[in-house]
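**Student:** predicted model, plus sequence, below.
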Amino acid sequence: MDGLEKYMEEFDEELDTSGLNCPMPILKAKKAISSLSAGQILRVISTDPGSLKDFQAFAKQTGHELLEAREDNSIFFYLLKKRDS
């Protein structure tokens, strides 16, 4: 197992936004990550093909770290680490 694969098993909260399209996955992720403590990890599941660019932009704008973004059978998985306050 390489360094990135381990993250898909290590997260503090999971958010399933399957079936939702932009901007809902980002809005729900923003709300979910706000309830986490600094350094905790949110795993987001999405079926929106445009979500990759959305989550990359979200991480850049907010300062949260996008640890991983991957696709498996048209399902997208993201790991966001909440930034330190």
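**Tutor:** In hand now; what should we look at? Residues are numbered from 1 along each chain as shown.
**Student:** could you list every residue that touches residue 32?
**Tutor:** 13, 15, 42, 44 (Cβ atoms under 8 Å, 6 or more residues apart in numbering). Yep, even glycine has a C-beta here, placed from its N, CA and C like the rest.
**Student:** quick one: which of those residues is nearest residue 82?
**Tutor:** Distance to residue 82, by Cβ to Cβ, is smallest for residue 42 among the contacts of residue 32, at 7.1 Å.
**Student:** ok, back up a step: for PyMOL, write a command that selects the buried ones of the contacts of residue 32.
**Tutor:** For anyone working in PyMOL, the buried entries among those, judged by 16 or more other Cβ atoms under 10 Å, can be selected with:
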select buried, resi 15+42+44
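**Student:** among the contacts of residue 32, which ones are in helices?
**Tutor:** Judged by DSSP state H, the contacts of residue 32 include no members of helices.
**Student:** how about the contacts of residue 32 in a markdown table, adding distance to residue 55 and pLDDT?
**Tutor:** Shown next, in a markdown table, are the contacts of residue 32 (distance: Cβ to Cβ, whole Å; pLDDT from 0 to 100):
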| residue | distance to residue 55 | pLDDT |
| --- | --- | --- |
| 13 | 16 | 97 |
| 15 | 12 | 98 |
| 42 | 11 | 98 |
| 44 | 7 | 98 |
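**Student:** with the contacts of residue 32 in mind, which one is nearest to residue 25?
**Tutor:** residue 44 (6.6 Å).
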